[in-house]
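**Q** sequence and computational prediction follow.
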Amino acid sequence: RNADQRSDLFALGAAGYHMLTGRLPFEGQTPLEITEKKQAGYYPPASEHVPSLNPKIDALLARLLARKPEDRFQSASDLII
């Protein structure tokens, strides 16, 4: 598969989620379980862990952590605009 800047944006979303919640977006007991959750695109919204979080942050993280690269920001420039 081709990795591009959208892969970096996914990683930024995962790091941001971890910094905001203290948890990883895709948690599991085994690497297989984590991989399955990542492939399914499921993770609890950050606001489940931090109820005071602005809903716009959940929306931003959802776009960064989108399963399909075409559903993510297409570049870092798109993210900051």
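**A** That came in fine, so what should we check first?
**Q** which stretches of the protein have low pLDDT?
**A** By pLDDT under 70, the low-scoring segments of the chain are 1, 81.
**Q** ok, now which ones touch the residue nearest the centre of it?
**A** Against the mean C-alpha coordinate of the chain, by CA atoms, centre = their mean, the closest residue is residue 65 at 2.8 Å. Residue 65 makes contact with 10, 13, 14, 17, 25, 41, 43, 72, according to CB atoms under 8 Å, 6 or more residues apart in numbering. C-betas here are computed from N, CA, C, even on glycine.
**Q** what segments of this protein are helices?
**A** 5-21, 31-40, 46-49, 55-64, 76-80 (DSSP state H).
**Q** got those as CSV, with mean neighbour count columns?
**A** Formatted as CSV, those follow (neighbours: other CB atoms under 10 Å):
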stretch, mean neighbour count
helix 5-21, 17
helix 31-40, 12
helix 46-49, 16
helix 55-64, 15
helix 76-80, 12
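**Q** for the closest residue to residue 13 other than its chain neighbours, what are its contacts?
**A** Spatial nearest neighbour of residue 13, excluding adjacent residues (CB to CB, 6 or more residues apart in numbering): residue 64 at 2.7 Å. Contact analysis of residue 64 by CB under 8 Å, 6+ apart lists 9, 10, 12, 13, 14, 16, 72, 73, 79.
**Q** still on that earlier bit, now the residue nearest to the centre of the chain, what are its backbone angles?
**A** Per-residue torsions, residue 65: phi -100, psi 10 (degrees, to the nearest 10).
**Q** state the distance from the residue nearest to residue 55 when sequence neighbours are not counted to residue 54.
**A** Spatial nearest neighbour of residue 55, chain neighbours left out: residue 47 (6.8 Å); criterion: CB to CB, 6+ apart. As judged by CB to CB, to the nearest Å, residue 47 and residue 54 stand 8 Å apart.
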